[in-house]
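Q: sequence? don't have it. structure:
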């Protein structure tokens, strides 16, 4: 089990190149293609449990979708990748923080 405390992580498919080696080879122009990564989710993490409970509740759809995108971007950041759409990431994060702060 890779995930104990973490919510998510990106992993390589069996037989694919390690992400760090892939990145190094790309930096040296030794690799042209990228391998797809798998988003591994910790189903026992309290955040995932809360998200699963929120699915289907009135008004939760957009928040759940934003949280899912944030988790994918979080996994990318942890792996040292850039977030593909920093503006959308920032907007989602700001929205989440605004709803979590006391009025």
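A: Looks like it arrived, so ask away. Owing to the predicted nature of the structure, the values given are computational and were not obtained by experimental measurement.
Q: looking at the chain, which helix or strand does the model trust least?
A: helix 19-27 (a mean of 76; mean pLDDT, DSSP states H and E).
Q: can you give me the angle the helix or strand just after it makes with helix 19-27?
A: Later in the chain than helix 19-27, the nearest helix or strand by DSSP states H and E is strand 37-41. Counting by axes from the mean of the first three to the mean of the last three CA atoms, to 10 degrees, strand 37-41 lies at 150 degrees to helix 19-27.
Q: and for strand 37-41, what are the contacting residues?
A: 2-3, 7-13, 19, 48, 71-72, 75, 79 (CB atoms under 8 Å, 6 or more residues apart in numbering). Every residue, glycine included, has its C-beta placed from N, CA and C.
Q: What residues sit buried inside the least confident helix or strand of the chain?
A: Of all the residues in helix 19-27, those buried under the rule 16 or more other CB atoms under 10 Å are 19, 22.
Q: same question, stretch 7-22
A: Result for stretch 7-22 [16+ other CB under 10 Å]: buried residues 7, 8, 9, 10, 11, 12, 19, 22.
Q: and that stretch, how far from the chain's centre?
A: Computed by CA atoms, centre = their mean, to the nearest Å, the chain-centroid distance of stretch 7-22 equals 13 Å.
Q: give the contact list for residue 88.
A: By CB under 8 Å, 6+ apart, the residues touching residue 88 are residue 69.
Q: Now residue 63: closest residue in space, sequence neighbours ignored.
A: Spatial nearest neighbour of residue 63, chain neighbours left out: residue 54 (7.1 Å); criterion: CB to CB, 6 or more residues apart in numbering.
Q: what's the longest helix in the chain?
A: What stands out as the longest helix in the chain, according to DSSP state H, is helix 61-78.
Q: contacts for that helix?
A: When contacts are defined by CB under 8 Å, 6+ apart, helix 61-78 is touched by residues 6-10, 39, 41, 47, 51, 54-55, 82-84, 88-89, 92-93, 95-96, 99.
Q: Out of these, which end up buried?
A: Among the contacts of helix 61-78, those buried by neighbour count (16+ other CB under 10 Å) are 7, 8, 9, 10, 41, 51, 83, 89, 92.
Q: quick one: which of those sit in strands?
A: Among these, DSSP state E puts 8, 9, 10, 41 in strands.
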